[in-house]
Structures are given as C-alpha cells and as structure tokens.
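J.: Model the following, please.
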Amino acid sequence: MARIAAGADHAGVQLKDVLVAHLRDTGHEVLDCGTHGTDRVDYPDYGEAVARKVAAGEVELGLCVCGTGIGIAMAANKVPGVRAGTAHDVTSARLTREHNDANVICLGERLIGPEAAREALDAFLGASFEQGRHVARVAKIDALLPTRGVAL
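T.: Next up, the predicted model:
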C-alpha cells in the first residue's frame, strides 16, 4: 500500500474527503494536507503542499482536488520533481501514470462524480510507468526549467 498526500481547496474538499476515506478503507496511509472546510481558500497553497510532500519523498504519490483539477495541477507542477496530471476518467488516470510517470493525480469536483473519481484514483494507483518510448519524453519534462509566467 502507498503513502499518499492529499489536498484540496474549498471547491474540492468534499470529493477529497470521499477519496481520502476510500484510500484509508483500502489500506493506504494518507497525509491530509487540507483544507478541511468550505471556506474560500486558494488552490495553489494545497497543490504546493501536496507536491512538496511528494518531492521530499515523505509520500510516494499525491492526490489533489479543486473545482476542475486544472489549477491545482498547474500549482503542483511548479515543484521540481513533481509530475501532476489532471484526469477525468479511468483512462486518463491510468495513462497519466503509464505514459507520463505522474506522481500526483488531480481531479475536479465540479467535473467528476464520486464513483467515477474513486475508479479513476484506483486506476491511477494500479498503473505503473511503462518505460520504453516514454522515458525520453518524461526526461524532457523533468529537464524543463520552471518559469514565473514569463513568455518564451
């Protein structure tokens, strides 16, 4: 079983809580990085918190949830060593691990229901990096220098 950091903003907290319970019920150890309520908070704070736990090796994988899964993925991907992928179903969740070696899955509470989210999360956790032709591509991703919104 994996050690997983989970985090969400106010728009994703209800789905995060469902998924954290699911992870614990299936034997995973979960570090819940918050938020824990529906008061407005900023998704970059929680994407970063999860990503830093993954990058530091405190956990093997991360789970992030916001309204769409997009903004929190953008924030998590700013942390070196993190490859966060937004998934909307079982196939995208599985492929983000198999082809992109994602170590953080990002989901959107406004876009995916709880059952589909559980299935996507399970697919993510059950998949592994295929290696092969994907190794060089992932290495190129890892070699990219972080930017601060500067146009290239």
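
J.: which residues sit in contact with G57?
T.: Shown here is G57, which makes no contacts under the criterion Cβ atoms under 8 Å, 6 or more residues apart in numbering. In short, each C-beta sits where N, CA and C put it, glycine included.

J.: where do the strands sit along the chain?
T.: Assigned by DSSP state E, the chain shows strands spanning 3-8, 29-32, 61-66, 84-86, 104-108.

J.: can you give me the angle the first one makes with strand 104-108?
T.: Note on geometry: by axes from the mean of the first three to the mean of the last three Cα atoms, to 10 degrees, strand 3-8 and strand 104-108 are set 30 degrees apart in direction.

J.: Flag every buried residue along strand 3-8.
T.: Of the residues in strand 3-8, those buried under the neighbour-count criterion (16 or more other Cβ atoms under 10 Å) are 4-8.

J.: Looking at the strands of the chain, spot the one closest to L15.
T.: L15 sits nearest to strand 61-66 of all those, at 5.0 Å, using Cβ to Cβ.

J.: Show me what the closest one pairs with in its sheet, parallel or antiparallel.
T.: For strand 61-66, the paired strands and their directions (DSSP bridges) are strand 3-8 (parallel), strand 104-108 (parallel).

J.: is it possible to export the ones you listed to a markdown table including mean pLDDT and distance to A84?
T.: Written out in a markdown table, the entries for these read as follows (pLDDT from 0 to 100; distance: least, Cβ to Cβ, whole Å):
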| stretch | mean pLDDT | distance to A84 |
| --- | --- | --- |
| strand 3-8 | 98 | 11 |
| strand 104-108 | 98 | 4 |
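
J.: Please convert those strands to a markdown table, extending it with distance to V138.
T.: Listed next are the strands paired with strand 61-66 as a markdown table, based on distance: least, Cβ to Cβ, whole Å:
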| stretch | distance to V138 |
| --- | --- |
| strand 3-8 | 21 |
| strand 104-108 | 14 |
